[in-house]
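> my questions are about this predicted structure, shown below with the sequence.
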Amino acid sequence: MTSKLWWKDGVIYQIYPRSFADSNGDGVGDLAGITAKLDYLAELGVDAIWLSPIYPSPNVDFGYDVSDYVDIHTQFGTLEDFDRLTAEAHRRGIRVVLDMVMNHTSDQHPWFQQSRSSRDNPYRDYYFWRDPKPGNKPPNNWLSVFGEEGWVPDPATGQMYFHMFYREQPDVNWRNPAVRREMLDVFRFWLERGVDGFRLDVFNSFFKDADLKDNPTTLFGIRAFERQRHIHDIDQPEMMPLLQELRSLLDSYPERYAVGETFLASAEKAAQYCGPDKLHGTFNFELLQSRWSPRAFIRAIQRWEQALAADTWPTWVLNNHDNRRSATRYGGGEKDDRLKIAAALMLTQRGTPFLYYGEEIGMRDIHVPYREIQDRLGKKYWPIVPGRDGCRAPMQWDASPNAGFSPAGVQTWLPPHPNYGMRNVEAQRADPNSLWHFYRKLIALRRESAALREGMFIPLTFDTYFILGYLRQTSDETMLVALNFSGRRKRLVLGGKLASVNWEMLLSSKREQMSPLRGGLVALEPYEALILRQVH
Ligand code: NOJ
């Protein structure tokens, strides 16, 4: 028996706090709401929750514009509510991971308020201020990924400041030792409060080129931002010593964790930033971006496996608060067959799986009419790109008004999906064949099986449209995962020694029992996810 490490062997569940559970009836989720749902999360079997930002914020980017790093947004509650949530989570063996948004602050943060007040304010150098070029032109060609100019003129001081996201999110200058000290103190503050880990928002954008050199441009890409090679505004070498410093801080507490959201990441790039003296994990979104094809999924898995060094640990993500839900991307209508395949695929990989609230019941994206759009990006690119409101709708707890998220009669900040009457936690808990039960069984199976958690990944077969089969293996356990991506009956043919192995069925999305395999033939039902274990 090896001892388990929560962030390595466990499953992490992302909560978008505005949308999880509203305890005070103001239409917005809150910390007390999350606390009240901890038993639910324990029942599902998750080991940790990651909370999207809960700090004071003007909410231009719904919390990803922080105006105070060491307090709680009044909409979510108080520091006491947070302490209660942490204590109650820990009592149930659930760890708490906070989102740290430190590439930028809100323009309402006192540092920026000071910084913009005059050229010689002591906080001036906390941000990127530069003189415009002649003709009031920006100091360099950097742009905002949100499709705005990167540099904003400030008439009061005659200079411009840089922002990678909204103009209300000025980028901070991590080369300034005072910024670095203040930010590390923020980590200390939360570590002392008992927080178990951090998710670092776009961390690889913290450092910019010291001389603010122009990015080279290319002809390829639809938007101007994509037509730049981002070699001077992200991924600077100074990031590595900072990650080492952060890691030593985390390691001075027991079992603390950090996972980084690698901005503009490929698997190879994300891999560079994790290791024993860097981050514990980084996100690489190739799985999330994969189309519905065994070949595409296996490529994403293999690229990630190849990119990571031997002493690093993968992360797996199918959903988050920035992307259309996998249920919308893969699920046909209200059917959940494909979602069970995707769940089985993700939860049988070597690495840490991240679930996003509502994924376990197959929540679909909501459609929000123009007048009611909350995410500013959704308004800007309407109707071409839908924005991010779709995946942020209230959690569907039951069939009562407002899906059990807010009390009846309350106007919720985003509307619940109209399907909540039939698609909700209560209904799926009552149905043994539901997606929710399937997730729960997978999580439990993973907890019991060292091969599923950390065994070697050995691909057996894959094609473009139909089948994906692989083994997960340790020295004393072999698991076989067979996934039929199609609506047709398919066969997986086991050759060589595998053909004569005895297998027992541990889980199937389609049947209760399986007759013994003959001649190494695994017959799969349409859209079946099947997990077998070798019997010795
Ligand atoms: C990445 C976050 O996931 C996204 O929601 C946010 O808008 C940007 N970073 C800016 O903080």
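Cool, got the structure. Note that the coordinates shown come from a computational prediction; the quantities given were computed from them, not determined experimentally.

> how about the residues of this structure by the ligand?
The chain comes close to the ligand at residues 61, 64, 101, 165, 201-202, 261, 321-322, as judged by C-beta under 6 Å from any ligand atom. Yep, even glycine has a C-beta here, placed from its N, CA and C like the rest.

> show me which of the residues you listed is closest to residue 339.
residue 321 (18.4 Å; C-beta to C-beta).

> which of the residues of the chain next to the ligand tops the neighbour count?
When neighbours are counted by other C-beta atoms under 10 Å, residue 101 leads these with 26 neighbours.

> tell me the confidence at that residue?
For residue 101, the pLDDT comes out at 98.

> next, give phi and psi for it.
Dihedral pair for residue 101: phi -110, psi 90, per degrees, to the nearest 10.

> how close does residue 265 get to the ligand?
As judged by C-beta to the nearest ligand atom, to the nearest Å, residue 265 and the ligand stand 12 Å apart.

> tell me who's in contact with that residue.
204, 282-285 (C-beta atoms under 8 Å, 6 or more residues apart in numbering).

> please produce a markdown table containing the residues you listed, extended by pLDDT.
Below are the contacts of residue 265 laid out as a markdown table (pLDDT from 0 to 100):
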| residue | pLDDT |
| --- | --- |
| 204 | 98 |
| 282 | 98 |
| 283 | 97 |
| 284 | 92 |
| 285 | 95 |
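
> of the residues you listed, which is the nearest to the ligand?
When the contacts of residue 265 are compared for distance to the ligand (C-beta to the nearest ligand atom), residue 283 wins out at 9.5 Å.

> for the nearest residue to the closest one once chain neighbours are set aside, give me the pLDDT.
Distances taken as C-beta to C-beta, 6 or more residues apart in numbering place residue 261 nearest to residue 283, at 5.2 Å, with adjacent residues excluded. Among the per-residue scores, residue 261 holds a pLDDT of 98.

> surely residue 261 and residue 203 touch.
Yes - under the criterion of C-beta atoms under 8 Å, residue 261 makes contact with residue 203 at 6.8 Å.

> ok, the residue of the chain found nearest the ligand to residue 259 distance?
Nearest residue of the chain to the ligand (C-beta to the nearest ligand atom) works out as residue 64 at 3.4 Å. The gap separating residue 64 from residue 259 is 16 Å, by C-beta to C-beta, to the nearest Å.

> mind listing what's buried along stretch 483-491?
Buried positions in stretch 483-491, judged by neighbour count with 16 or more other C-beta atoms under 10 Å: 483-486, 490.

> ugh, typo on my part, it should be stretch 214-234
Buried residues in stretch 214-234, counted by 16+ other C-beta under 10 Å: 215, 225, 228, 230, 232-234.

> secondary structure added to these, as a markdown table?
Shown next, in a markdown table, are those (DSSP: H, G, I helix; E, B strand; the rest coil):
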| residue | secondary structure |
| --- | --- |
| 215 | coil |
| 225 | helix |
| 228 | strand |
| 230 | coil |
| 232 | coil |
| 233 | coil |
| 234 | coil |
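
> and residue 507, what element?
For residue 507, the element it lies in under DSSP states H and E is strand 502-508.

> what sits against the nearest residue to residue 359 once chain neighbours are set aside?
Excluding the flanking residues, the one nearest residue 359 by C-beta to C-beta, 6+ apart is residue 319, at 5.0 Å. Counting by C-beta under 8 Å, 6+ apart, residue 319 makes contact with 14, 288, 325-326, 355-356, 359, 391.

> please consider this matter closed, and thank you.
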